[in-house]
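K.L.:
One predicted model, sequence on top.
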Amino acid sequence: MNFKKGDKVVVISGKSKGTVGTISNILKDNKVIVEGANMVKKHIKPNGQTAGSIVEVEAPINASNVMIVDPKTNKRTRIGHTTDKKGNKVRVSKKSNEQLN
């Protein structure tokens, strides 16, 4: 997977299409959790200290349904790989050829 925690992404399909947010977590089964996208209601069972409630949490999205946002143009783009001057493999934006952190 080409994504890292903290990347700014846009959702390209599903009920949250067009939502821009940052990746807060990456799961092993090719899924990511984007802040503010794919919100679902979760029922919390009451226990001794707190009452029961319904809260909204972010649900995982398949990584194929999000694209990284180009830092230069603020549009969605694909990710490419290249090597820098030191010989390290780095991620680059396909649209502007800008290096992604």
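P.N.:
Looks like it arrived, so ask away. Just so it is clear, the model here is predicted, and its values are computed rather than measured. Numbers count the residues shown, from 1 in each chain.
K.L.:
what about the strands in the chain?
P.N.:
8-11, 20-27, 31-34, 39-44, 53-58, 61-62, 66-69, 76-77, 79-83, 89-93, 99-100 (DSSP state E).
K.L.:
Tell me which strands the last one pairs with, and in which orientation.
P.N.:
When you say that, I think you mean strand 99-100. strand 89-93 (antiparallel) (DSSP bridges).
K.L.:
neighbouring contacts of the strand it pairs with?
P.N.:
With CB atoms under 8 Å, 6 or more residues apart in numbering as the test, strand 89-93 has contacts from 2, 68, 70-72, 77-84, 98-100. For the C-beta atoms, the positions are set from N, CA and C on the backbone; glycine is no exception.
K.L.:
cutoff 6 Å now
P.N.:
With CB atoms under 6 Å, 6 or more residues apart in numbering as the test, strand 89-93 has contacts from Asp70, Thr77, Ile79, Gly80, His81, Thr82, Thr83, Asp84, Gln99, Leu100.
K.L.:
now, the most widely separated pair of those residues?
P.N.:
Asp70 and Thr83 (20.3 Å; CB to CB).
K.L.:
These two: which has the busier surroundings?
P.N.:
Asp70 (19 against 9; other CB atoms under 10 Å).
K.L.:
show me what contacts the residue nearest in space to the middle of the chain?
P.N.:
Per CA atoms, centre = their mean, the C-alpha nearest to the average position across the chain is that of Ile23, at 3.5 Å. With contacts defined as CB under 6 Å, 6+ apart, the neighbours of Ile23 are Phe3, Lys5, Asp7, Val32, Val34.
K.L.:
how much space between it and Ile61?
P.N.:
10 Å (CB to CB, to the nearest Å).
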